[in-house]
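Visitor: Predicted structure and sequence below. I'll ask about it afterward.
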Amino acid sequence: MPGSSLWLVPPPTHPLYALITELITRTLPSTFPALAGPTTFAPHMTLTSGIDPAVYGDDPQGWLDAVPWPRAADVGVRLETVATQDVFFRRCYLKVAFADGIRQIAGLARAVGVSGEGHAIGPVTEGWLEEWREAFGPHVSLIYGSNPIDDQKLKEISKAVEDAGVSLSSSSSQGDKDASGNRGGWKGGVVWLVPTDKPIDEWKPIATRTLD
């Protein structure tokens, strides 16, 4: 994947951080070895990719800290369903609701990282947001891979995800919904700046910013 990316990672103390990590690294690879191979990664929702490293230069942390990120309370990630596309990096993922807070943080990430519109969501970013939403939109990847996933296999993966304790809003079973342990989504999180032009097993943040 060219350039760097901005990710929104669940708060490390939130139940979903551990649950999704377990799905990515253990449950899905062991249950569906033909689909989920040895490629693993941290649980995250990509805000934008394709950031030229020249944008943040030799001070990635200073650049990340200078962005006026929205408040944690205004960014709610709600998991809707398990989906698949015929794309390596979107082979299987958790679709995220396109709420106002998600639109704001993703638009801001695009504006500062790629569109060159500074700290405002201008017309270039507005156009990208609509294209992004139509094409695939906000999501949390579960499997990177090359093998297609048919409808039956997708149902099996969805069941494995819910059996692991993740609550999907399209399901009649909503799981734990209290404020401290909602397993159908999370508030806020940590923004990671990741050089995704490296091999996947080297995808580590070079700067992080916790939403206040």
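Guide: Looks like it came in fine.
Visitor: how about Gly62, secondary structure?
Guide: Recorded secondary structure, Gly62: helix (DSSP: H, G, I helix; E, B strand; the rest coil).
Visitor: For it, give its distance to Pro43.
Guide: Distance of Gly62 to Pro43, computed by CB to CB, to the nearest Å: 26 Å. Where you see a C-beta, it was placed from the backbone N, CA and C, and this is true even at glycine.
Visitor: Neighbour count for those two, which is higher?
Guide: Pro43 (23 against 11; other CB atoms under 10 Å).
Visitor: Excluding chain neighbours, what is closest to that one?
Guide: Ile20 (3.7 Å; CB to CB, 6 or more residues apart in numbering).
Visitor: Am I right that that neighbour sits in a helix?
Guide: Yes. Membership of Ile20 in a helix is supported by three-state DSSP.
Visitor: Now do the phi/psi pair for Gly188.
Guide: The phi/psi pair for Gly188 (degrees, to the nearest 10) reads phi 70, psi -130.
Visitor: Can you tell me, leaving aside adjacent residues, what's nearest to it?
Guide: Nearest to Gly188 is Ala72, by CB to CB, 6+ apart, at 2.6 Å.
Visitor: Report the contact partners of that neighbour.
Guide: Residues near Ala72 by CB atoms under 8 Å, 6 or more residues apart in numbering: 187-189, 210-212.
Visitor: out of those residues, which are inside strands?
Guide: Counting by DSSP state E, the part of the contacts of Ala72 found in strands is 187, 210.
Visitor: Of the contacts of Ala72, which is the most crowded?
Guide: When neighbours are counted by other CB under 10 Å, Gly189 leads these with 25 neighbours.
Visitor: Surely it and Asp74 touch.
Guide: No. Look at Gly189 against Asp74 with CB atoms under 8 Å: they stay out of range, at 11.8 Å.
Visitor: Could you look up the SS state of the nearest residue to Val55 once chain neighbours are set aside?
Guide: Spatially, and ignoring its direct neighbours in sequence, Val55 is nearest to Gly113 (6.1 Å; CB to CB, 6+ apart). Three-state call for Gly113 (three-state DSSP): helix.
Visitor: what sits against Gly113?
Guide: 4, 6, 48, 50-51, 55.
Visitor: List only those of those flagged as buried.
Guide: Buried subset of the contacts of Gly113 (neighbour count, 16 or more other CB atoms under 10 Å): 4, 6, 48, 51.
Visitor: Inside helices: which ones of those?
Guide: Among these, none falls in helices (DSSP state H).
Visitor: Can you give the strand pairings for the helix or strand harbouring Lys95, parallel or anti for each?
Guide: Element membership for Lys95, per DSSP states H and E: strand 92-96. Applying DSSP bridges to the sheet, strand 92-96 is found paired with strand 76-83 (antiparallel), strand 139-143 (antiparallel).
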